[in-house]
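Chemist: Build the 3D model from these lines:
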Amino acid sequence: VVLEDGSRITLNTASAIDVHFDGERRVVRLGAGEILISTSHATRHGGMELRPFVIETAHGRIRALGTRFSVRQQVDRTHVAVIESAVEITSSNAMVPSRVLHAGEQGSFTRLVIDAPFALEQQAFAWSRGQIVADDMRLGDFLADLGRYRPGFLRCDPAVADLRFSGV
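Modeler: Next comes the predicted model:
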């Protein structure tokens, strides 16, 4: 999806967004799923100065600092991965200090805590290339992720759910 300011959003499967641009902010509300965002590097669009670009989730908000990044909202947390530049994460709890993630970093947050960032995993954006990557992954976790891409139920016997495997 190309937004009116030139920014681009790619939606993963089972994802939903609402976009609201006004004179003060550019806001994308992630209702479900995962998105890959490339914000416009321009400072002006259509004769207007660009306002802060914010992604809102159930757990807080992510403010783009001229960047390319992904956001995945899960039931209990939101995960952010940064490819270019940086983002600022703010939990919905005002008592939790904000945290900046830089290019090559990823991290998660809830309403109550923002976890320490860690190195970006190469497979973080594989879905945007039509791939699912498993690297020493539990079979049960892989099937849960794979289930997002097809209708019906995928499951395995609990006796084999902890088996680990790798593949693309």
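Chemist: dump the residue contacts of A134.
Modeler: Shown in contact with A134 (Cβ atoms under 8 Å, 6 or more residues apart in numbering): F142, F165, S166, G167, V168. Any C-beta I mention is one placed from the backbone N, CA and C, and that applies to glycine too.
Chemist: Packing partners of the top strand by length along the chain?
Modeler: Selection of the longest strand in the chain by residue count, based on DSSP state E, yields strand 26-38. Other helices and strands packing on strand 26-38, by 3 or more Cβ pairs under 8 Å, 6 or more residues apart in numbering; DSSP states H and E, are strand 8-11, strand 16-21, strand 53-57, strand 68-73.
Chemist: Okay, angle between that strand and strand 68-73 too, please.
Modeler: With axes from the mean of the first three to the mean of the last three Cα atoms, to 10 degrees as the criterion, the two stretches strand 26-38 and strand 68-73 enclose an angle of 110 degrees.
Chemist: Tell me the strands beside strand 26-38, with direction?
Modeler: The partner list of strand 26-38 in its sheet, established with DSSP bridges, is strand 8-11 (antiparallel), strand 16-21 (antiparallel), strand 53-57 (parallel), strand 68-73 (antiparallel).
Chemist: For N12, which non-adjacent residue is spatially closest?
Modeler: Take N12 and drop its neighbours on the chain: the residue closest to it by Cβ to Cβ, 6 or more residues apart in numbering is E34, 3.9 Å away.
Chemist: Would you agree the one you found is in contact with T78?
Modeler: No. With the criterion set as Cβ atoms under 8 Å, E34 and T78 do not qualify as a contacting pair; they are 10.0 Å apart.
Chemist: Looking at those two, which has the bigger crowd around it?
Modeler: In terms of neighbours (other Cβ atoms under 10 Å), T78 is the more surrounded of E34 and T78; the figures are 25 against 22.
Chemist: Surely that one and R61 touch.
Modeler: No. Contact status for T78 versus R61: not in contact, 9.4 Å apart, counting by Cβ under 8 Å.
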